[in-house]
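sequence and predicted model, in that order:
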Amino acid sequence: MAKKKKKKLPRYPWDKWFKREKFTLKKGIHYDCMTHSMSVQVRNAARVRGFAVSVHINENTLNVEVW
């Protein structure tokens, strides 16, 4: 009997975040990984959803602009 794969839930609320023109993500509140790694994840998630983003890194904070 074949096993059914469970649908993997997204780790982050990408769709909610990308509804806004600008948003800020803070390490320890919105994400726990390295800040640079999170910026890459933001860019990849935006591309998959058809958005373009600009990500500005300021220590442990990411300022994201969506268009």
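Yes, it's here. Residues are numbered from 1 along each chain as shown.

what segments of the chain are strands?
Assigned by DSSP state E, the chain shows strands spanning 22-26, 53-58, 61-66.

partners of the first one in the sheet?
Strand partners for strand 22-26, identified by DSSP bridges, are recorded as strand 61-66 (antiparallel).

give me the distance from the partner strand to the chain's centre.
10 Å (CA atoms, centre = their mean, to the nearest Å).

which positions in that strand come out as buried?
62, 64, 66 (16 or more other CB atoms under 10 Å). For every residue, glycine as well, the C-beta is placed using N, CA and C.

just stretch 10-27 next, same as before
Within stretch 10-27, the residues scored as buried using 16+ other CB under 10 Å are 14, 17, 18, 23, 25.

what do you get for stretch 52-60?
Under 16+ other CB under 10 Å, the buried positions of stretch 52-60 are 53, 55.

average pLDDT across it?
Throughout stretch 52-60, pLDDT has a mean value of 97.
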